[in-house]
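K.L.:
fold the following and give me the result.
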Amino acid sequence: MLESLLRTLIPPLIRLTGRRLITGAPPLPPTARDVFGPDLTAEQAITYNRGRVATATAVALYRSGQKLDELSDDGLDTAVRALRFPYSTPSTETRAAIRAALGVLEADPSIAVI
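P.N.:
Below you'll find the predicted structure:
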């Protein structure tokens, strides 16, 4: 009984499992228009697409051992360009989203990206 009680009191670890990166850009989720349809505003589509690029970039940086405090704006721009995402250009908002995603990955020791 104590064991089952402990299981309910202790939150489970978060584990993200991913495929090993091959050369080139990691796979991206579908675009905003593919997911939400044509009724999306341009601003909503840009925000969604920026988030998907930032998350994939943060995971690639995390897998390669890059640390948030070691990355400059130029380093983040280089990472986005190196992954060759279609129609993706680095911006202030993209860099902020990459930093946020990378910060979450670094801050929580229970997250493991394999």
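
K.L.:
identify each buried residue in the top helix by length along the chain, please.
P.N.:
If you go by DSSP state H, the chain has its longest helix at helix 42-63. Neighbour counts over helix 42-63 (16 or more other Cβ atoms under 10 Å) mark 45, 48-62 as buried. No exception for glycine: its C-beta is placed from N, CA and C like everyone else's.

K.L.:
before we move on, what about stretch 83-95?
P.N.:
Result for stretch 83-95 [16+ other Cβ under 10 Å]: buried residues 83, 85, 88, 90, 94-95.

K.L.:
show me the residues you listed that map onto strands.
P.N.:
If you go by DSSP state E, the buried residues of stretch 83-95 have nothing in strands.

K.L.:
in the chain, which helix or strand is least confident?
P.N.:
Across the helices and strands of the chain, mean pLDDT, DSSP states H and E gives its lowest value to helix 2-9, namely a mean of 49.

K.L.:
so what pLDDT did residue 102 get?
P.N.:
Note for residue 102: predicted pLDDT of 92.

K.L.:
and if you look at the one 5 residues further on?
P.N.:
Residue 107 is assigned a predicted lDDT (pLDDT) of 88.

K.L.:
so the residue nearest in space to the middle of the chain versus residue 62, what's the distance?
P.N.:
The centre of the chain sits closest to residue 55, judged by Cα atoms, centre = their mean, with a distance of 1.7 Å. Look at residue 55 and residue 62: by Cβ to Cβ, to the nearest Å, they are 10 Å apart.

K.L.:
spit out the contact partners of residue 94.
P.N.:
By Cβ atoms under 8 Å, 6 or more residues apart in numbering, the residues touching residue 94 are 50, 53-54, 76, 80, 88.
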